[in-house]
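Undergrad: next come a sequence and a model predicted from it.
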Amino acid sequence: MTQTKDAVCMTDISKAFGGVQALKKASFCARAGEVHALMGENGAGKSTLMKILAGAYAKDQGDIRIFGEPVQISSPRDSRELGISIIYQEFALAPHLSVAENIFIDHLGDGSGIMRWDKLYRQTADLLGSLGFGNIDPKAEVGTLSVAYQQVVEICKALSRNARILVFDEPTAVLASSEVRQLFDLIRMLRQQGTCIIYISHRLEEIFTICDRITVMKDGSNVGTVNTGDIDQHRLVQMMIGRELSEFFPPRNAEIGDVVLEVKNIRNGEKVKGVSFQVHSGEILGINGLVGAGRTETMRLIFGADIPQEGEIRYRGMPVKITGPRSAVRAGIGMLQEDRKGCGVLLDLPVRDNITISALHKVAGRGGWINRKEEERQIQELVESLRIKAGSIEDPVSTLSGGNQQKVSLAKWLYRDCGVLILDEPTRGVDVGAKVEIYKIMNELAEKGVAIIMISSEMPEIIGMSDRVLIMREGMVSGELKREELTETNMIHLAMGVK
């Protein structure tokens, strides 16, 4: 790699937060006109390194060069002026302003105090058209656009600032498969125009589809940089977690027993149209289907987050009336929701409170007072058994990595002793090492007799973890596949209604 080809080169970057060394002489270089993946487990230092590049954090030591020139980045403004822009999962858009206003928000007007709206809309239309999105109305309120189009607006905003280095942080986390293809077409166009694109994602299949090179980080340092064509998924996983993976999906020795949950003809308008199924103790029942097939909507009815218009739910043979999440939990049903930060955990509360909040009666003494010693003992046991990495159970959950936040959310339901556990995209947004640990936890729960329902959009995950799979299409179950029938072809046929 020659220095003249590097759009960005960060050398020997170190950064500490108190006594925690987040980066230890980490180095990273990416070229103009390439898509360069930055990978590693949660907590490996990827985000810290990119926040230093963005000017959100100040480095303790090290050097940064942009197109060969040494630079000092002390603020986000410094970063923007150097042509660096980061597109985060949570967009920095004003939903009530128009597309045009959001894109050119840094330089509205010409200094005269008079807005030339026609010129602004024309510039916006030209920019959107050049990227193949001329169908987006420059006058439309951003809040009315789809998530994919909001992402396009974020990219246009970066380009309006003459960004030469674009960082994408988990850009496909909330996109449907068709929207992912659109994004990849856009990324390829930007690459051809000479933009340096840094791509952060936990989705291995995306990395091998769109990226030219891969840099792997671990424990605050870089492990190495490789050409995508020179490595396979297995070796990449080894680089990331630093150990051999004998099996990505660990073996399970659960004994499938009696029916725990039975759902009969549950309905809710056009979203859920007469769904029936059973799940047994010790079984992992996979739920798959295209986006909008009604998977999550069905599980929300069972958990009481939405109320069904008709249908019957039976728990261990007895009919139960679900009028809300509280009644579902009392019946023995827990649900790990897809929106981890919005619904799964209370980010500002400590690990301790997030876990015990589901069953405070287990540590409450006379008069309702919490027995703190007993609470700490029980929580510490769970934290150790789930291998939750936290400095203390008093740490706010917001300080944990995504994988550890997901484990805390799981711990809440383990603490409640649910007989049925619904997991909606349980490994979305977590690194590959945390995925394997979550799979092990699921297996351990199944071996203890818990009935698990897992919604997942990842076919390898469905195939690797499920004993049986229901495929949903247009609010209905379009088919059921036994373990020996599980192939991507069979699943796609049922999901698309192909006989």
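TA: Cool, got the structure.
Undergrad: can you give me the helices for the stretch 201-350 of the chain?
TA: Assigned by DSSP state H, counting those that start in this stretch, the stretch 201-350 of the chain shows helices spanning 204-210, 233-241, 295-303, 325-331.
Undergrad: in the stretch 101-250 of the chain, which spans are strands?
TA: Taking DSSP state E, counting those that start in this stretch to define them, one finds strands in the stretch 101-250 of the chain at 165-169, 196-200, 213-218, 221-227.
Undergrad: what about residue 474, neighbour count?
TA: 14 (other Cβ atoms under 10 Å). Backbone N, C-alpha and C define where each C-beta goes, glycine included.
Undergrad: show me the domain layout of the protein.
TA: Domain ranges of the chain: 3-241, 259-496, per automatic domain parsing.
Undergrad: avg pLDDT for the longest one?
TA: In this case it means domain 3-241. Domain 3-241 shows a mean pLDDT of 87.
Undergrad: report the distance from it to the chain centre.
TA: Distance, stretch centre to chain centre, for domain 3-241: 17 Å (Cα atoms, centre = their mean, to the nearest Å).
Undergrad: ok so, going back, reformat the strands of the stretch 101-250 of the chain as JSON lines; add distance to residue 364 and mean neighbour count.
TA: Putting those into JSON lines (distance: least, Cβ to Cβ, whole Å; neighbours: other Cβ atoms under 10 Å) gives the following:
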{"stretch": "strand 165-169", "distance to residue 364": "42", "mean neighbour count": "22"}
{"stretch": "strand 196-200", "distance to residue 364": "43", "mean neighbour count": "24"}
{"stretch": "strand 213-218", "distance to residue 364": "42", "mean neighbour count": "22"}
{"stretch": "strand 221-227", "distance to residue 364": "46", "mean neighbour count": "16"}
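Undergrad: got any ranges where the stretch 251-400 of the chain has weak pLDDT?
TA: For the stretch 251-400 of the chain, the stretches with pLDDT under 70 are 339-342, 344, 359-363, 365-368.
Undergrad: would CSV of the strands of the stretch 101-250 of the chain with distance to residue 156 be doable?
TA: Formatted as CSV, those follow (distance: least, Cβ to Cβ, whole Å):
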stretch, distance to residue 156
strand 165-169, 11
strand 196-200, 15
strand 213-218, 26
strand 221-227, 30
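Undergrad: out of those, flag the one nearest residue 263.
TA: strand 165-169 (37.8 Å; Cβ to Cβ).
Undergrad: pull the contacting residues for the residue minimising distance to the centre of the chain.
TA: The structure's the chain has its C-alpha centroid closest to residue 429; by Cα atoms, centre = their mean the separation is 2.5 Å. Contacts of residue 429 were listed using Cβ atoms under 8 Å, 6 or more residues apart in numbering, and they are 170, 173, 202, 340, 402.
Undergrad: max pairwise distance over these: which two?
TA: 202 and 340 (13.6 Å).
Undergrad: can you pull the contacts of residue 214?
TA: By Cβ under 8 Å, 6+ apart, the contact list for residue 214 reads 36, 37, 39, 207, 225, 226, 227, 228, 231, 236.
Undergrad: may I see the domains of the chain organised as CSV, with distance to residue 253 added?
TA: Listed next are the domains of the chain as CSV, based on distance: least, Cβ to Cβ, whole Å:
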stretch, distance to residue 253
domain 3-241, 24
domain 259-496, 6
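Undergrad: tell me how far residue 156 lies from residue 148.
TA: Residue 156 sits 13 Å away from residue 148, taking Cβ to Cβ, to the nearest Å as the criterion.
Undergrad: neighbour count for the two, which is higher?
TA: residue 156 (23 against 17).
Undergrad: that one contacts residue 128, doesn't it?
TA: Yes. If you go by Cβ atoms under 8 Å, residue 156 and residue 128 touch, sitting 6.4 Å apart.
Undergrad: related to what we said a few turns ago, would you turn the contacts of residue 214 into CSV with distance to residue 216?
TA: As requested, the contacts of residue 214 are arranged in CSV below (distance: Cβ to Cβ, whole Å):
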residue, distance to residue 216
36, 12
37, 9
39, 5
207, 11
225, 8
226, 8
227, 13
228, 12
231, 10
236, 7
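Undergrad: mark which of those are buried, thanks.
TA: 36, 37, 39, 207, 225, 226, 228, 231, 236 (16 or more other Cβ atoms under 10 Å).
Undergrad: grab the nearest non-local neighbour of the first one.
TA: Once its chain neighbours are removed from consideration, residue 36 has its nearest residue in residue 30; the separation is 3.9 Å (Cβ to Cβ, 6 or more residues apart in numbering).
Undergrad: sweet, I'm off.
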